[in-house]
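Visitor: Build me a model:
(2 chains)
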Amino acid sequence: MINSIRISNIYVFDQEEALEFYVGKLGLEVSADVDFGPMRWLTVRVPGDVNREILLEKISPPSLSEENAAKMRELIASGASGFAAGFTTDDIHALYKDLKAKGVDITQEPVEQAYGTDIGLRDPFGNHVRITQLAQQ
Amino acid sequence: MDRLLKRNRSLLRARDAMDRDYAAPLDVPAAAAIAGVSPAHFTRTFREVFGETPHRYLQRRRVERAMHLLRATDTSVTDICFDVGFGSLGTFSRTFKDIVGTSPSEYRKAEAANPVSAPTCFTMAWTRPSSFGEASASADAVPSLRKRKELQK
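Guide: Numbers count the residues shown, from 1 in each chain, chains lettered A, B, ... in the order given. Alright, predicted model coming up:
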């Protein structure tokens, strides 16, 4: 039986810009950065969390045609990628202030929910990311 | 990013503002300003990219929030109307019925026994009344949450 989530992907248009956002602004760290020639295997993770990575996958040939890549980018820029990733934090209000000061596109200011307090934001490409401070169990 | 992507991304920024600030006296010209284009251009391109006018999108967002408040709180229909950004009860009732197929109080009655809890971003996207095949068609345009919960079992 499967026992953990090891890796998942977020489609990005530009891996440098993605690093600027996910590492520079959200505070994740690079886990792997390998140049395979036509493709750059680039993953990030929550600092110290070695068991889970997010692949910042560039949308481009040769993995898909230029025509489909263009369609995919257009769709993601219009918000069609849905819920890309959800993170947790111990202090949502401090993080919210920090991200806002850094100019991150906030789609939802801190709102208390039954499961905790969360915010919504978008990466530079249009992917939707959420961060939650979980309610005390 | 090329021109088309920048355009879509700024339209999305304006749409996000509608999702976020629905309760404010936000209108199409204000949303157009967020996207950095004229209201006429905004309405045309928004429709092209998202399949409906920004005015309709904002109405659906407000109605979706009203549906939530009708289900989750005891707040009066009149207060809910203003809380979600409508300027008059008449417009609210007409728009609600047009989109959902029933009046706000009928809707409240029908959903009374079905509290639902899921992340708001998810309910926002998935319990929003559809614009594509509207209420007029049938009450099934907005499947009840009860039905949906049964499907998940």
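
Visitor: Now chain A against chain B: closest residue?
Guide: A:Ala77 (3.8 Å; CB to the nearest CB). All C-beta spots, glycine's among them, are computed from the backbone N, C-alpha and C.

Visitor: That residue - how many residues pack around it?
Guide: Neighbour count of A:Ala77, defined by other CB atoms under 10 Å in any protein chain shown: 26.

Visitor: which ones are touching B:Ser88?
Guide: Each residue near B:Ser88 by CB atoms under 8 Å, 6 or more residues apart in numbering or on different chains is listed here: B:Cys81.

Visitor: Quick check: nearest residue in space to A:Thr88, chain neighbours excluded?
Guide: A:Thr132 (5.4 Å; CB to CB, 6 or more residues apart in numbering or on different chains).

Visitor: returning to that earlier point: nearest residue to the residue of chain A closest to chain B in space, ignoring adjacent ones along the chain?
Guide: Leaving aside its sequence neighbours, A:Ala77 sits nearest to B:Asn8 (CB to CB, 6+ apart; 3.8 Å).

Visitor: pretty sure the one you found is in a helix, no?
Guide: Yes: according to DSSP: H, G, I helix; E, B strand; the rest coil, B:Asn8 belongs to a helix.

Visitor: how far away is B:Pro29 from B:Phe42?
Guide: Distance from B:Pro29 to B:Phe42, counting by CB to CB, to the nearest Å: 8 Å.

Visitor: Look at the two and report which has more neighbours.
Guide: Taking other CB under 10 Å, B:Pro29 and B:Phe42 do not tie; B:Phe42 has more neighbours (23 against 11).

Visitor: Not counting its neighbours along the chain, what's nearest the more buried one?
Guide: Excluding its sequence neighbours, the residue lying closest to B:Phe42 (CB to CB, 6+ apart) is B:Ala32, at 3.6 Å.

Visitor: Pull the number of nearby residues for that neighbour.
Guide: Neighbour tally, B:Ala32, other CB under 10 Å: 21.

Visitor: was I right about it contacting B:Thr45?
Guide: No: applying CB atoms under 8 Å as the test, B:Ala32 and B:Thr45 come out as separate, 9.8 Å apart.

Visitor: Which residues of chain A lie near chain B?
Guide: Residues of chain A that fall close to chain B, judged by CB under 8 Å from any CB of the partner chain: A:13-14, A:73-74, A:77-79, A:82-83, A:105-109, A:111, A:113-115, A:118, A:120, A:122, A:124-126, A:128, A:130.
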